[in-house]
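Colleague: Sequence and computational prediction follow.
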Amino acid sequence: MTSYHIDQIDQKILAFLVKNARMPFLEIARECGVSGAAIHQRVKRLEANGVITGSRLLVKPQALGLNVCAFISVSLSEANKYPEVIEAFRKISEIVECHFVTGRHALLLKIYCFDHDHLMEILVNTIQKIPYVQSTETMISLDQAIERQVWVKDYQNTSFSREQKKGRE
């Protein structure tokens, strides 16, 4: 089994990139006490080993008028129809996350809507009409108290296995 070891320099690189994915490699190099080329090589290696899966621009939903964030628990009438339900959910742009979860419900969705009327429209006329969706339970977020990327500092002797990554794909 091939394994990739994340050392302290990798941890520092990840910590800087999590805070600001646009931080110049030369600035990271100065902070880490290594060359810019070394940072570039390490980032490429982290990408090749699946530790870094990309970078993206984050847009605040409220800036687009999406003022309602809701979490919807979904129960399925037939658990083996999960892939078909997920495929239908992929077509609903308001859904930004979908998790297969343990507990009373099978799926947990995070959605953004313009207002409560829009939320009701998505629930009643879209999500609840998807075959095999048995029931839903909705929770509206009143405030997002914490928003952050995964914490990468101080993971001593952290290893990432390529085999584990392959098993998840």
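Modeller: Nice, thanks for sending it over.
Colleague: how about low-confidence regions in the chain?
Modeller: Filtered on pLDDT under 70, the chain yields the residue ranges 1-2, 151-169.
Colleague: Can you show me the helices along it?
Modeller: In order along the chain, the chain carries the following helices (DSSP state H): 8-19, 25-32, 36-48, 82-90, 116-125, 162-168.
Colleague: Now do the third one: distance to the chain's middle.
Modeller: Okay, so that is helix 36-48. When C-alpha coordinates are averaged (Cα atoms, centre = their mean, to the nearest Å), helix 36-48 and its chain have centres 23 Å apart.
Colleague: For the protein, which residue occupies the most central location?
Modeller: Glu97 (7.2 Å; Cα atoms, centre = their mean).
Colleague: That residue - nearest residue in space that isn't next to it in sequence?
Modeller: With Cβ to Cβ, 6 or more residues apart in numbering as the measure, Lys110 is the residue that lies nearest to Glu97, at 4.0 Å, once sequence neighbours are left out. Where C-beta positions appear, they are placed from N, C-alpha and C, glycine not excepted.
Colleague: what about that neighbour, neighbour count?
Modeller: Around Lys110 there are 15 other residues, counting by other Cβ atoms under 10 Å.
Colleague: May I have the residues that are in contact with the nearest residue to Ser77 once chain neighbours are set aside?
Modeller: Spatial nearest neighbour of Ser77, excluding adjacent residues (Cβ to Cβ, 6+ apart): Gln134 at 4.2 Å. Gln134 makes contacts with Ser75, Leu76, Ser77, as judged by Cβ atoms under 8 Å, 6 or more residues apart in numbering.
Colleague: Sounds good, over and out.
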